[in-house]
Every structure is written in structure tokens, then in C-alpha cells.
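*Asks:* Build me a model:
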Amino acid sequence: MFTITLLNDMYHKINFFKLKKLIPIAFLFLVSSQIDAKGITNDYLVFSRVNETITGSVLNQDGEAIEGAKITIVETGVTTTSDVSGKFSISASIGQTLLISIDDQEVQKMKITSTRVSIRLKSKSSVSISEVTLVGYGTQKKSDLTGAVSQLKSENFKEGMNISVDNLMQGKVAGVRIVQSSGEPGAGVNVSIRGIGSIRSGSTPLFVVDGVPLSNEAVSATSPNIGLGNTQAKNPLNFLNTSDIESITVMKDASAAAIYGARGSNGVILVTTKKGKKGDPLFTYETYFGTSSVIKKLNLLTADEYRATGIDKSYDHKGNTDWQDELYRTATSQNHSISFSKSTDTGNYFASISHMDQEGIVLNSNFKRTTARLNAEESFFDNKRLKVKLNLTASDIKETGIPNGSNAGSDSQVIIHALMANPTRSVYDENGNYTNFNMNAHYNPLYLLSVYNDKTNTFRVLGNTEATLRILPGLNYKFNLGIDKTTSERNTTMYPNLTDRTPKGMYIQANLESLNTLLEHYLTYDFNVKKNNFSLLAGFSYQKFKFSGTYFGLKNIADKNAGVSPDINPGYSGEAFVPAAGYAQENELQSYFGRINYNFDKKYLLTVSLRADGSTRFGENNKYGYFPSIALGWTISNENFLKDSQIVKELKLRGSWGQTGNQEVPNKITQASYSLSQGSGYYLYDNLNLINGVTVNRTANPDLKWEVVEQTNFGVDFSLFKNRLYGSLEYYNKITKDPILNIPSGALSPTSTIWKNVDAQIVNKGFEFSFGSDIIKNENFTWTMDLNGATVNNVVKNLPVSEIYSGEVSGPGLSGVTANIYKNGYEAGSFYMLNYQGIDANGKYIYEDVDKDGTIGPKDRKIFEGAIPNFTYGINSFMKYKNFDFSFSFIGQAGGYLVNNTALDLNINNLASDRNVLKNFYDSGASFTNQPQLSSLYLEKSDFIRLNNVRVGYTFNIDELKWLKNLNIYVSAQNLWTITNYSGYDPLIDTNKQVGGNQSLGIDYTTYPSAKTILMGATVKF
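*Replies:* Numbers count the residues shown, from 1 in each chain. As a prediction, the model looks like this:
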């Protein structure tokens, strides 16, 4: 058409004679306009300009920038990729053809008509191609998902000081609750998804890092009890550098998690680390410097208030000390991370190294971590037939702890010593030495810190190699070999001291080694038959876990600073009181699994999966468990009546049912255990020499099997008004069956208890919602916000025993008292205690006399609501105006309770014994003679709303600096303020106070406080 028009114009402007000279040229142009050398139509070939720099941008249907789109010049094969703003530049000629691909799938073609182009993708499907979600053993388009799956990408993670991956999820995913066991750097974090589903087998989800399922066992050595309690092992996930994480996928329902079978009952969390991105090589430096302080101080009596209470005059020591100020400090932290990434036509590479140094807000506590990572992927043979991937990370962690064990009792934690310390005492005496309190079981907290040393060094390597071979188009074989290796050494020293806790000193070294090996083979086959789309998976997995440890101890060691410290040379002084000893355990899993994903015409979806797991942890009669699931989906938005809707962009209904398992029980519990002891001895001969007899320690149970969680889920996903409003709604019913308990045995049993599955049920059901909105989105200003929330209703049913107790309470005269009860018809871990009713005219506490016998005793205890919040929520917002960005997040909960065991230790009776007390107890008018009792006086609501994070950043305009791609600086604050009526340090806390292995819930006992942090950071990309 262009040629005919051109000739017509020429005919009217020049005479025939001149036209004759142009005929050969016109003929040549006519031919060349139809076919070029590569067979591509090119109406502009004669007049095209060669080697122009073509610049442009790639946008989706709604005008939003698409990062990582691949732009190829069809005629020359030259390629580039779009940046975070969707922009690109490429060398080409006017008239050539641009091919746009996303995730190696062709999306659109267009002619180049000028040096400046704007590419807007035309269809909904072209937009959703990049919306890929990680699932077990593969990926799925978000539009094809039928299970309850939530994915967070690196841009969703809050800026701030996050030691561990679980901190990144705080307030981001509905139904996922993150609770600290302690505010100490690197301390354990309790993660639960959709409530508490087990009494003693734990509620921690399965974490899978780059395709390697981790063990939930501790990988750092636990400190021994040297009179100050056992400090728990640290968070097993704190070895990952959070800057290396690309995405976190939370699989909540059985349809999503059943592919992991026996370990999926508490949900599955998939962690994927970064890989090289398309585009130019990228060098990134991230850093921050911050300060942290205690989130709040407890309201204790000051020195003047203490003197005014009418205490014994001998308790006035003429000083004026705020012991919280002395124990807590303004701690400093810094982090540095350097990474390099590159992608080629055949592979990609990512390498990083980082160092974190975080001081704890309690004196002498510290966390240091150095990590290194290498992720590489390369393709071989024709058309990338073989792909080989390597993920490798190594971390070295050095931690310094404090004497604050949760099972130390009321007299052996440094924090409770500081809180109880008389404010009229001084830290130092007139000679500059630490003041000696000269009290039994109560010491100067700073002196206690000075004679205590606890250091842990943990080295961990996690790596896997994965090979994918394309056998036929759509048919791939995958091989995955993974190794998770950890060595940990903990040196705990109590130097000779003036206390009644190991006064002659003690040293114990504990070592731990763990090895987790994984071997997997699986086939995937994707194919289409007209409108029928299939994705098949079948595989085999073998995983082996080995744990071993050694320990030894010395007593009567040399004074501090006298000679060589025992952690350097244990042989320098002291005598062995714990002879060298050790242990070793191993268990194995062998599994077969399969899955079918089917959709018809992208409207009707089906997912079916089955996993068979065999475990050495279970009895000979139940070695294998079988875990099926099925899910259906209907993408209503793809129906003809909604396909062209201007309101509904996406609308999908989902429903699923499935079963998963829980195998988190001790090894060997199905087998009998014996020992030799004099207590079972007998006299074989007349010489009266006692022969040791055999004692049965554990009764065998070959019928023991997995706890089974059966879950039903219904959900709807939607996106409205061109993605201005999007989200999902879920209803779930999650039932734990056949829970494993160590319960009283029947008649004629050689032991008093036996491990067995019981017919009880633990039911969790509720609703979840996630709403998001692109409130404003234009060239200069962007504002997005999302809100998520979840309800949970938990109840115990059909328990074959009347009740199970847990939650040991600490305090003077409270030995053996428990706060948690598991009982039919009540929430798991409900609270069980006296009902406090007020104070009489004499200042005495009044308790409800439940059995009406005129006295108050154990039979007067009542059951109160438990620790599990009925409602949890999160609010997250991001705004960007030109070069400025501002974000904030809130988290909150309602309907739960905490036992304030710290307040129980700071009861009014302390004023009668030279110790401090909470101010509100004195103001209540209570008598100093009231003895501490576990009652609802110490039961408090844990409701709160917290400004979890706030951040202000600025991105500099560096267009003129060719060597610098991006520079962003920011200021961030965490835990800035909390609105709550809870009187303790932090309502989002849970101290481990289990009894007999049964979970404790909702107890706060002198826990290392949380911190509020302000930091300044920068991200530089070259």
C-alpha cells in the first residue's frame, strides 16, 4: 500500500519522461517491500536508518511498568531487558521488528517506526505470565492456583533490622502469627499458621530453603544448667542473610501443603534466594547503622517511693538506683552486604557476602553473623536441554548470652534480679566494688553478669544442586541433592563468686553437630490437548537426619582473670564433675509423591496430590502414612459474560480438602528402653552382693503413627477496577486427629506411661482476608495499601484423659504450679488458676471459693480463656512521590491473654523482704503479708496495636552518572510505639515453660525485653 501511494504521488508531480528513469528504482522498491533477506515483510527497507539507538518502555494493560521483560530484535537477535521502570534501550534499525518476551514466553511483536517506542501489552494473559508463584516441587501461574497460598517478594519486606526470615513475614500474611520467645538477638521465634494444632508435637511449620526441607530441631548447642537455668537454643533460621531472600511463599491449606506429607500439618513456608536478573551485571551494596533501646520500662517503685511505703528501716540502704537503667543500654548495630548478579543467554549468577553485628539491649549480650552465598545456573546442549543449578550458603555466627534461663526459678535470672533489686541500693560500694547484697537467692545483677560468660559459635553450610533435563518437549527430569551441615560449640562459665549459686565456679562445654542430607528424583510433564491443559508431577524423596553431641564440665575453677580462661584451656584449672559424654541419633524419611494439575480453557481448575511417607520414627505396623488432597477452582472472570468486564479483572472461586501429617516427636519412642539399676537389683548368691536388675524405662508401641491434620478450605480471589482493589477471602476448618501423647498406661504395663495415638481432636477454624488497593497511581505519586486479618476458634475434643497440664510457673513457693490446661470443650492451653476477686478491708487478697468449703486451695481453680488471639491483623502502606518514598506497617491482635509471671515475682510480698515491687501493687492497698498465688490477678489481655515499622527514603537522580544505577538512603524505625493495656514489657511474647514435653502457651516470665530501633541505611547499585 505504501508503494502504490508513493507511485501515485510521483505520477502527478513529474512528467512521464522523468518517470521512465524512476521505473527501475520503483520496481526494485516494490520487490524489496515484500520480502527481505529474512523473510519478514518490510515496507520501509529502502528508507530505513541503520544502527539507531532505540529507547522505550514496556507497560502492562493498565499502564504499569514491567521489569525484566526481554526485548529482542528479530532480524539481528540483539536482546536487552527492561529495568525496574520498564525502560530499555537497544541498537536497531527503523523498520525492524521488536519481540517482547516474559519468562521466556513470547508475548507481543511490533514494528519499529521511530527511535522512541512505547509498548503496552494487549491482553490479560500477557500480564499474568510473570505472576508465577512457587509451590512444592515447582511453580504455577497465580491464575492457576487452587490452594491457599500467599507469596511475599523482596519488595514486600520491611526495611529494618531483621535477623531471621520469619521476622520478614510479621503482619504480612493473614493467619500467620510470629511470636518471640525472647527479645535477645538471634533468639527463637514461634511461628504458627492457623492456630495451634498439637499438644506436644509442636506447631512450627516446615521451612524449605531453595528446595531443601530443614529440620525443626535446634542446630545450636543449648546451654547447660549451672544453677541459672538452661538458656534455649537460638533461632535455627537466623543463619540466612535476609538481603539474599527473593521470595517467601506460605502454603496454608492441605491442598498446597499435602505434597510435603508427613511434615506439612503446620503449613509449609518456601524460602527462595536471589538469582541473577536479566539486564546488565549488577553490583549492590546495602548497609545500615542503628541504635536500639528497651521498648518500655516496668513501673517499679523509685527509691523515694520505696522509702515512703513504711518498710523496715534496715531496708533503706541510702542509695538511689534505677536498676533497669543500669541493666539495659542503648545498643548499636550495623550491617553490611555486598552482592553481585548477572544473567546471560544461557544462565545466571548471584554471589553475596554480608556481616551483621548487633548488640543486645541487655549488657553483655551480642550477635554477630558473617554469611557468604553463591547461586549459579547454567544451561547446556541444544536449546538449553540441560540446566544445572547450584545454591550454596555458609554462615558463621558468634553469640554472647546472659544468665536468663526460662527454667531458672525465681532467683537465678539476671533480669528478675534487676527488677526485684531494692532501689535504695547502689551498684558499687565505697571501694568501687560491686555492692554485695548479702542475701540468699538475690544478687546484684551487674555483679552476676560480671562473673558469667556464655559464648556460642555456630557454623552452618546449606547447599543443593539441581539438574533439569528436558527429555521431550514438556517432559523434564529433575534431580536434587541437598546437604545441611552444622557444627556448634557453647562455652558456659560461672567464675567463683559470692553468691550461693556455684560459689566455687563451674565451666561446661557443649558441642552439637547435625547433618541433613536430601536426595530427590522427579518427573514433570506439561502438555495441552486443545483447551485441556495438564501438568503432571511424580517423584521420590529420601532424607536423613543425624544429630550428635558431646559435653563435659569442670568445677572449682580459677578466678576470673587468673590465668587462662577455661573456654581457651579447660585443663588449666578445676576438676571434672561432668565426665566427657555424648549422644547420637538419626532418623530417615522415604517418600513417594505425585500431583496432577488440570485446567480446561483457563476456566475450570483441578489439583490432585498424594504423598506416601515412610519414617523410622514410627512403629513397625505404621511405617508409612498416606496424605491425599484435592482442590477445585473456577475462574469466573474468564467466562464470556465477564471476559470484557470493566469492573472485574479477575475472579476465582476455590475449594480444597486434604490431609497432612506431623512427625515432630522424639526418636525411638516406639521402641522399648531398658537400663540396669540397683533399685531393680537382686541377691544372686549368699554373699549378699547386690546384682543390678533391669528397669523398663519405656514401653514399646509398634502401632504408633503420625498425627493427621485434615483441612477443608474455601476461598475467593478477586481483582477489581483495573487492579485498583484486589485480595482474597478464606474459610478454613482444620482438625488434628490421632494426636500423639505420653499418657498413663493400662494395667500390667511395665511403665506408668506409654506413647500412643489417642482419639482426641484439636479443631481450628476461622476466616482470613487480604485486601489491597492501588489508591493512587500516576507518574509522580503512587500509594498502595493492604490489610490482612484472620480469626481462629480453637477447641479440644474427645481427650481420653480428664486434663493435661503444662506451663510451669516460677516464683517463691510456687514449685510445681502450672498455668495451662488441655481439657475437652476448651481452647488448647487454656489458663487454670484461682479467680481473684479483690482486696478486703485488711488488704488481704480475696479469691473465689469454688467448692464452697470455706478454704482456698487447688480445688478452687477455674478455667479461663487461653493465649490464642481470636483475631490478628496487619496493615501495610507504601507511598512514593517523585524521588521520595514513605512506608509504614501496623500489626495487632485481640482476644488473647497472657499470664504475667514477671508480675507474680514482683508481688506485694517483696516489700517484706528487702525487694522491690510493681507500683500498681502498692497503690492497690494490698497487705505486705499477702503470699504469692497464681490467680487471675496476673492474667492480662494481650490485645495491642503496634507501629511495627516506618520508613522514609529518597532515591537520588543519578542519570548523569553512567557508573551508578541507583542510590537510595532511608531512615527506619521499628517497634516505635505500642498501644496496649498489658503491663509487661511486650504483649507479643511467649516464654517456653512446657511440662513433660506438652506445649505451654501465653506465659511471660522475665523475658528478655523487645527493643525499639532507629536506623539509617543506604542501598547503592552499580
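
*Asks:* other SSEs contacting the longest strand seen in the chain?
*Replies:* As assigned by DSSP state E, the longest strand anywhere in the chain is strand 575-600. Packing partners of strand 575-600 (3 or more Cβ pairs under 8 Å, 6 or more residues apart in numbering; DSSP states H and E): strand 506-529, strand 532-555, strand 604-615. Heads up, the C-betas are built off the backbone N, CA and C, glycines and all.

*Asks:* Mean neighbour count, those: which tops it?
*Replies:* For the helices and strands packed on strand 575-600, the largest average neighbour count (mean count of other Cβ atoms under 10 Å) is found in strand 604-615, namely a mean of 21.

*Asks:* Now the helix or strand following that one: average pLDDT?
*Replies:* Next in sequence after strand 604-615, counting helices and strands by DSSP states H and E, comes strand 624-635. Averaging pLDDT along strand 624-635 yields 94.

*Asks:* Please identify the buried residues of strand 624-635?
*Replies:* For strand 624-635, the buried set under the neighbour-count rule, 16 or more other Cβ atoms under 10 Å, comprises Gly625, Phe627, Pro628, Ser629, Ile630, Ala631, Leu632, Gly633, Trp634, Thr635.

*Asks:* Next, the angle from that strand to strand 575-600.
*Replies:* 40 degrees (axes from the mean of the first three to the mean of the last three Cα atoms, to 10 degrees).

*Asks:* Now do strand 624-635: which elements does it pack against?
*Replies:* Using 3+ Cβ pairs under 8 Å, 6+ apart, strand 624-635 is in contact with helix 254-257, strand 604-615, strand 648-662.

*Asks:* pull the CA atoms of the shortest one into CSV?
*Replies:* Okay, so that is helix 254-257. Output of helix 254-257 as CSV, limited to C-alpha atoms (Å, rounded to 0.1, in the frame of the first residue of the first chain):
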residue,chain,number,x,y,z
ALA,A,254,-3.9,-29.1,52.8
SER,A,255,-4.1,-28.8,49.1
ALA,A,256,-0.9,-26.7,49.0
ALA,A,257,1.0,-28.5,51.8
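
*Asks:* What pairs with whichever helix or strand comes after that helix, parallel or antiparallel?
*Replies:* With elements assigned by DSSP H and E, the helix or strand that comes after helix 254-257 is strand 268-273. Counting by DSSP bridges, the strands paired with strand 268-273 are strand 206-209 (parallel), strand 245-251 (antiparallel).

*Asks:* Now do stretch 466-478, average pLDDT.
*Replies:* The model assigns stretch 466-478 a mean pLDDT of 94.

*Asks:* Enumerate the positions of it that are buried.
*Replies:* Across stretch 466-478, burial judged by 16+ other Cβ under 10 Å covers Glu466, Thr468, Arg470, Asn476, Lys478.

*Asks:* next one: stretch 386-398
*Replies:* Buried, per 16+ other Cβ under 10 Å, within stretch 386-398: Lys387, Val388, Lys389, Leu390, Asn391, Leu392, Thr393, Ala394, Ser395, Ile397.

*Asks:* circling back: out of the helices and strands packed on strand 624-635, which is closest to Leu799?
*Replies:* With Cβ to Cβ as the criterion, Leu799 lies closest to strand 648-662 of these, at 17.0 Å.

*Asks:* How many residues are close by Leu168?
*Replies:* Close neighbours of Leu168, defined as other Cβ atoms under 10 Å, add up to 20.

*Asks:* close enough to count as contact, it and Glu246?
*Replies:* No: in this structure, Leu168 is not within contact of Glu246 by Cβ atoms under 8 Å, at 11.5 Å.

*Asks:* And the helices in the protein, which stretches?
*Replies:* 2-13, 16-32, 124-128, 254-257, 303-307, 323-327, 414-420, 445-450, 640-643, 901-905, 919-923 (DSSP state H).

*Asks:* In the last one, which residues are buried?
*Replies:* By 16+ other Cβ under 10 Å, the buried positions in helix 919-923 come out as Lys919, Phe921, Tyr922.

*Asks:* Let me know the closest of those to Tyr832.
*Replies:* The nearest member of the buried residues of helix 919-923 to Tyr832, counting by Cβ to Cβ, is Phe921 at 22.8 Å.

*Asks:* And the strands in the stretch 101-250 of the chain?
*Replies:* 105-111, 116-120, 132-135, 138-141, 149-153, 176-180, 189-193, 206-209, 212-213, 245-251 (DSSP state E, counting those that start in this stretch).

*Asks:* would a markdown table of those strands with distance to Ser942 be doable?
*Replies:* Formatted as a markdown table, those follow (distance: least, Cβ to Cβ, whole Å):
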| stretch | distance to Ser942 |
| --- | --- |
| strand 105-111 | 48 |
| strand 116-120 | 50 |
| strand 132-135 | 33 |
| strand 138-141 | 37 |
| strand 149-153 | 24 |
| strand 176-180 | 10 |
| strand 189-193 | 14 |
| strand 206-209 | 26 |
| strand 212-213 | 32 |
| strand 245-251 | 23 |
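
*Asks:* beta partners of Phe207?
*Replies:* Ile269.

*Asks:* Burial check on the closest residue to Thr978 other than its chain neighbours, number of neighbours?
*Replies:* Leaving aside its sequence neighbours, Thr978 sits nearest to Arg946 (Cβ to Cβ, 6 or more residues apart in numbering; 4.4 Å). Neighbour count of Arg946, defined by other Cβ under 10 Å: 24.

*Asks:* Contact partners for the residue nearest to Lys111 when sequence neighbours are not counted?
*Replies:* Nearest non-adjacent residue to Lys111, counting by Cβ to Cβ, 6+ apart: Thr97, 6.0 Å away. Applying Cβ atoms under 8 Å, 6 or more residues apart in numbering, one finds that Thr97 lies in contact with Ile40, Ile73, Val74, Glu75, Lys109, Met110, Lys111, Ile112.

*Asks:* Now tell me which helix or strand of this protein has the poorest mean pLDDT.
*Replies:* None of the helices or strands of the chain scores lower by mean pLDDT, DSSP states H and E than helix 16-32, at a mean of 35.

*Asks:* Between the helices and strands packed on strand 624-635, which one is closest to Lys1021.
*Replies:* Of all the helices and strands packed on strand 624-635, strand 648-662 sits nearest to Lys1021, with 32.6 Å by Cβ to Cβ.

*Asks:* Show the low-confidence segments of this structure, by residue range.
*Replies:* 1-50, 61-64, 84-85, 103-106, 122-131, 158-160, 223-234, 406-412 (pLDDT under 70).

*Asks:* spatially speaking, which residue is in the middle of it?
*Replies:* By Cα atoms, centre = their mean, the chain has its centre lying nearest to Asp166, at 1.9 Å.

*Asks:* For Asn238, see how far away that residue is.
*Replies:* According to Cβ to Cβ, to the nearest Å, Asp166 and Asn238 sit 9 Å apart.

*Asks:* Would you map the strands across the stretch 751-900 of the chain?
*Replies:* So, for the stretch 751-900 of the chain - with DSSP E, counting those that start in this stretch - the strands run 753-757, 761-777, 781-791, 793-797, 804-808, 818-822, 830-833, 836-839, 845-847, 862-864, 871-881, 884-894, 897-900.

*Asks:* mind giving me JSON lines with these and columns for distance to Lys368 and mean neighbour count?
*Replies:* Formatted as JSON lines, the strands of the stretch 751-900 of the chain follow (distance: least, Cβ to Cβ, whole Å; neighbours: other Cβ atoms under 10 Å):
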{"stretch": "strand 753-757", "distance to Lys368": "41", "mean neighbour count": "19"}
{"stretch": "strand 761-777", "distance to Lys368": "37", "mean neighbour count": "18"}
{"stretch": "strand 781-791", "distance to Lys368": "34", "mean neighbour count": "18"}
{"stretch": "strand 793-797", "distance to Lys368": "39", "mean neighbour count": "18"}
{"stretch": "strand 804-808", "distance to Lys368": "33", "mean neighbour count": "23"}
{"stretch": "strand 818-822", "distance to Lys368": "36", "mean neighbour count": "25"}
{"stretch": "strand 830-833", "distance to Lys368": "39", "mean neighbour count": "25"}
{"stretch": "strand 836-839", "distance to Lys368": "45", "mean neighbour count": "14"}
{"stretch": "strand 845-847", "distance to Lys368": "47", "mean neighbour count": "19"}
{"stretch": "strand 862-864", "distance to Lys368": "42", "mean neighbour count": "16"}
{"stretch": "strand 871-881", "distance to Lys368": "30", "mean neighbour count": "18"}
{"stretch": "strand 884-894", "distance to Lys368": "27", "mean neighbour count": "19"}
{"stretch": "strand 897-900", "distance to Lys368": "32", "mean neighbour count": "25"}
